[in-house]
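Enquirer: Pasting the sequence and the predicted model now:
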Amino acid sequence: MMKRCIEIFTHFSEIVGGNAGFVNTGWAFLTPPEVARPFRKNLALQQDLGINTREISKAELLELEPRFDLRDVGQIAYEPDSGYADPHLTTTSYIQAGCSRGLDMLQCTRVTALRIEHGRVMGVKTPNCEISTKVVVNAAGPWANGVAEMAGLSIPIVVSREEEILLAPPVGQKPPQLFTTGPTDDESW
Ligand SMILES: Cc1cc2nc3c(=O)[nH]c(=O)nc-3n(C[C@H](O)[C@H](O)[C@H](O)COP(=O)(O)OP(=O)(O)OC[C@H]3O[C@@H](n4cnc5c(N)ncnc54)[C@H](O)[C@@H]3O)c2cc1C
């Protein structure tokens with residue numbers, strides 16, 4: 001998925017059409033020393049899949065962004081082709097591309113029930129209308145379990161609250177141009 005995402009975002013206007021606001025900043029994944037072995041295993045797996053990623057030293061990362069404090073960092077993976085996109089632009093570009101290919105979009109229209117006959121989905125019900133279809137794609141994200149329950153199914157999705165912090169750069173300084181993340185608590189190594 002990562003490899004295909006980078007291809008699509010880098011050539012968005014040709015592949016999808018419109019603009020995704022993609023900015024190629026590069027991405028660094030910082031991990032603590034104790035996960036060195038699984039880190040290198042994951043890196044090798046990604047390289048085998050053709051992802052442009054490699055391990056870099058702390059000195060190399062500091063050349064890219066000298067302001068990092070790397071005291072607790074053991075290993076660093078660097079993907080020069082990565083970056084970030086604008087979610088609103090990306091979504092509207094996909095919708096426009098879909099509409100130009102015959103997509104009908106109903107905004108702010110909640111699926112309230114599925115019409116099921118003889119064990120098969122035959123349509124979706126909304127507060128305003130009913131749509132006949134034999135195929136329903138459940139793309140309801142954190143609400144996907146609620147939609148699945150309409151078909152008598154249970155999806156093991158647990159919704160939990162996530163904390164985010166927003167830090168302003170010191171006065172007179174720009175934010176780092178390089179994207180960085182570290183492993184989360186629930187990351188399995
Ligand atoms: C705080 C936060 C920060 C994040 N930061 C990043 C980031 O920096 N980079 C990154 O790549 N990802 C990030 N993510 C993850 C990213 O937002 C999700 O992975 C992504 O939005 C999932 O897309 P989706 O289309 O599967 O689901 P969603 O975007 O959740 O869309 C599901 C849609 O289904 C609709 N829906 C629900 N129930 C029904 C119903 N009954 N009928 C009709 N429609 C329904 C909802 O209204 C919603 O529009 C972040 C997530 C959060 C919460």
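Expert: Looks like it arrived, so ask away.

Enquirer: Give me the pLDDT for residue 175.
Expert: For residue 175, the model assigns a pLDDT of 81.

Enquirer: Now for the residue of the chain found nearest the ligand: which residues touch it?
Expert: Residue nearest to the ligand within the chain: residue 141 (2.4 Å; CB to the nearest ligand atom). Using the backbone N, CA and C atoms, a C-beta is placed for each residue, glycine as well. Under the criterion of CB atoms under 8 Å, 6 or more residues apart in numbering, residue 141 has no neighbours.

Enquirer: can you check residue 47 too?
Expert: Residue 47 neighbours (CB under 8 Å, 6+ apart): 53-54.

Enquirer: From residue 55, how far off is it?
Expert: 10 Å (CB to CB, to the nearest Å).

Enquirer: right, and residue 169 touches residue 65 too?
Expert: No - with contact defined as CB atoms under 8 Å, residue 169 does not reach residue 65; the gap is 11.8 Å.

Enquirer: Pick out whichever of the two has more residues nearby.
Expert: In terms of neighbours (other CB atoms under 10 Å), residue 65 is the more surrounded of residue 169 and residue 65; the figures are 13 against 10.

Enquirer: Next up, phi/psi of the more buried one, please.
Expert: With angles defined as degrees, to the nearest 10, residue 65 sits at phi -150, psi 100.

Enquirer: Then the one 4 residues further on?
Expert: Note on residue 69: its backbone torsions stand at phi -100, psi 110 [degrees, to the nearest 10].
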